[in-house]
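Peer 1: from the sequence below, what's the structure:
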Amino acid sequence: METSNNFIQLYSIPIMYLQYSINQEVITYELQANNYTWKYTNPDGVSSDVIGENFQHPLDNVNSLPQIAIPFNQSYIILFFSSTPLSFTSKYWPDCYAGTNEAYHTQYHYLNVIDNTLPLPKDEMGYIFQVNAIWPQGNANYEFHIIYS
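Peer 2: So this is what the prediction gives:
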């Protein structure tokens, strides 16, 4: 079913995939959205809004986030989605700030994603990431914890 603006109508929140290679073996992780707002049109033409919220900040929720071990020499990961977003951004916190709510708004950094390639910082031992993606139907946050092995 297509909308009048030629966007495919989605009834479920897209999945984000994180991918990298080790010795020519491709490793892929599937990540569900932690927080989202979504709008879709029912078959009867009525519009519905869906909101899913995890009320914990990623720094407070680190033990529940997917933990992804990546070799220290890995300089980037690839991000892609089950449905291509209009745009997406990424920010991260060094994991030494886990549980420190004073760091929510002061210790994060944005990373530019170019051609779905997310460069990995190398200053700390691990990072908590939040990716925010936007579609015509809404937006979603995906959160994960990268540690170096």
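
Peer 1: first residue to last residue on stretch 15-29, what's the distance there?
Peer 2: Length of stretch 15-29, first residue to last, CA to CA, to the nearest Å: 10 Å.

Peer 1: same thing with stretch 84-103?
Peer 2: End to end - CA to CA - stretch 84-103 spans 31 Å.

Peer 1: can you list contacts of that stretch?
Peer 2: Here stretch 84-103 makes contact (CB atoms under 8 Å, 6 or more residues apart in numbering) with 14, 57-60, 62, 79, 81, 107-111, 113, 118, 121, 123-136, 145, 147. (Each C-beta comes from the backbone N, C-alpha and C, glycine too.)

Peer 1: then stretch 20-32?
Peer 2: Contacts with stretch 20-32, where a contact means CB under 8 Å, 6+ apart, come from 13, 15-19, 66, 68, 70-71, 74, 76-78, 142, 144.

Peer 1: what comes up buried for stretch 20-36?
Peer 2: 20, 31, 33-36 (16 or more other CB atoms under 10 Å).

Peer 1: quick one: strands adjacent to the worst-scoring helix or strand of the chain on mean pLDDT?
Peer 2: Every helix and strand in the chain was compared by mean pLDDT, DSSP states H and E; the lowest is strand 47-52, with a mean of 78. With DSSP bridges as the test, strand 47-52 is paired with strand 35-41 (antiparallel).

Peer 1: can you pull the buried residues of the partner strand?
Peer 2: 35-36, 38, 40.

Peer 1: ok, A133 touching P14?
Peer 2: Yes - A133 is within contact range of P14, at 7.3 Å (criterion: CB atoms under 8 Å).
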